[in-house]
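Peer 1: one predicted model, sequence on top.
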Amino acid sequence: MEKYKRYLVPLFFLVLSIIGIIGAGVSMNFVLSELYARFVRNGIFVIALLIPIMAGMGINFAIKVGALAAHTALIIIADNQIYGLKGFLLAILISTVLSVILGNIIGYILNKAKGKEMITSIVIGFLATNLYQLLFMVGYGTIIKAKNSEIMLSRGIGLRNNIDLAEFKKLFDGILTIRVGDTNESLAPVIIIVVVALLVYYISGSRIGHHIKAVGGNINTSQAVGIDTNRVRRIAIVISTVLASLGQIMYIQNIGMLNIYTDHLNIDIFSAAALLVGGATLKNANIRNAFIGVLLFHTLFIVSPLAGQNLFKHAALGEYFRSFLAYGTIVFAFIMNLRYESESKL
């Protein structure tokens, strides 16, 4: 019976999702179409949280820094008007380099805040957002001279809110087309997510992966046997930041539009909620938890506004219900996970 308690959270949200679909009164084709888009947009973000948890650092809420690295790369691409596959790959390269640099900085800071990594990563995310906004609201057009005037505000200082990246949205059109619900979609983005998942699985089983798990299990013992724990923890954050930047590029590619100042907001909260819904804890998470969590959380996220609207007969309440769901999920999952962990110690 004990081993099944860890599945209480996923089972609860599975039941909630079924009730939500019935309450929303939507077809499964609609749910599948929406779920495909959300899986492609959010899958890698959730996977990006796994390695820091393995390293005993809890949920890395600073993954939004990786998303900001992706934004910066895409702005550079748009400013130089490099589109298509070349622009897509170049954006991945630039964002990866930025993420490695920023990930090392975040890792260094979190090593100075052992035991308080999650709250510190939240603060880092807020700080990074403010610095990013300062750079592109004020710095672009003053310190940084733009080559493409189309992305600038009419006053010549600061970037517009949106940059059109419709050419990226067409990138996978016609490649391994499959029928999802009522629409034809490409299997290529799903393959990319699966490859990323396999890469994380490989890393977790490699030498550095064993060191990461050892540090997550007992940092003092790991130090005693000669493992450079600070370096291992920093590598975990670098991997997480790099994956988050790739996840944001996949997100923007699927939408075809970059909302410069808002697209990165809440990705940490939603990704953490999805992972916890999948049955992960603050000390134990795997790829299965990530995939189950994305499917369950976003199914409920899709149908909850419609279910809320049908229930309360008010359109705005449906949206409030969605916000309540995101934060309520984390609180509920924390309570269930902490209860399970405390019972496991008895």
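Peer 2: Alright, I've got the coordinates.
Peer 1: the residue nearest to the spatial centre of the chain: what secondary structure?
Peer 2: Centroid-nearest residue in the chain: Phe45, 2.4 Å away (criterion: C-alpha atoms, centre = their mean). At Phe45 the chain is in helix, as set by DSSP: H, G, I helix; E, B strand; the rest coil.
Peer 1: next one: it, what pLDDT does it get?
Peer 2: For Phe45, the pLDDT comes out at 92.
Peer 1: and it, how close does it get to Ile63?
Peer 2: Distance, Phe45 to Ile63, using C-beta to C-beta, to the nearest Å: 6 Å. (Each C-beta comes from the backbone N, C-alpha and C, glycine too.)
Peer 1: same question, Gln223
Peer 2: 27 Å.
Peer 1: tell me which of the two has more neighbours.
Peer 2: Shown here are Gln223 and Ile63; by other C-beta atoms under 10 Å, Ile63 has more neighbours (31 against 13).
Peer 1: so the more buried one sits against Leu50, correct?
Peer 2: No. The pair Ile63 / Leu50 is not scored as a contact, 11.2 Å apart, by C-beta atoms under 8 Å.
Peer 1: what's Thr177 sitting at in phi/psi?
Peer 2: phi -70, psi 130 (degrees, to the nearest 10).
Peer 1: what number of residues lie near it?
Peer 2: If you count neighbours by other C-beta under 10 Å, Thr177 ends up with 13.
Peer 1: any idea of the pLDDT on it?
Peer 2: 83.
Peer 1: please name the bridge partners of it.
Peer 2: Ser186 (DSSP bridges).
Peer 1: how close does the residue nearest to Pro10 when sequence neighbours are not counted get to Ile287?
Peer 2: For Pro10, ignoring the flanking residues on the chain, the nearest one in space by C-beta to C-beta, 6 or more residues apart in numbering is Gly279 at 4.7 Å. Using C-beta to C-beta, Gly279 is found at 12 Å from Ile287.
Peer 1: settle it for me: which of those two has more neighbours?
Peer 2: Gly279 (26 against 18).
Peer 1: contacts only, for Ile260.
Peer 2: Residues in contact with Ile260 (C-beta atoms under 8 Å, 6 or more residues apart in numbering) are 71, 75, 136, 159-163.
Peer 1: filter the residues you listed down to the buried ones.
Peer 2: Buried residues within these, counting neighbours by 16 or more other C-beta atoms under 10 Å: 71, 75, 136, 159, 163.
Peer 1: and which of those residues is nearest His211?
Peer 2: His71 (31.8 Å; C-beta to C-beta).
Peer 1: sec struct for Arg155, please.
Peer 2: Put simply, Arg155 is coil when judged by three-state DSSP.
Peer 1: poorly predicted segments of this structure, please.
Peer 2: 1-6, 313-319, 321-323, 325-326, 329-330, 333-334, 336-346 (pLDDT under 70).
Peer 1: just the strands in this protein please.
Peer 2: Per DSSP state E, the chain carries strands over the ranges 162-164, 177-180, 183-186, 257-259.
Peer 1: can I get the ones you listed in a markdown table including distance to Lys86?
Peer 2: A markdown table is the format used below for the strands of the chain (distance: least, C-beta to C-beta, whole Å):
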| stretch | distance to Lys86 |
| --- | --- |
| strand 162-164 | 17 |
| strand 177-180 | 23 |
| strand 183-186 | 19 |
| strand 257-259 | 17 |
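Peer 1: nearest to Phe297, out of these?
Peer 2: Judged by C-beta to C-beta, the one of these that comes nearest to Phe297 is strand 177-180, at 18.5 Å.
Peer 1: which helices and strands does the closest one pack with?
Peer 2: Other elements packing on strand 177-180 under the criterion 3 or more C-beta pairs under 8 Å, 6 or more residues apart in numbering; DSSP states H and E are helix 28-48, strand 183-186.
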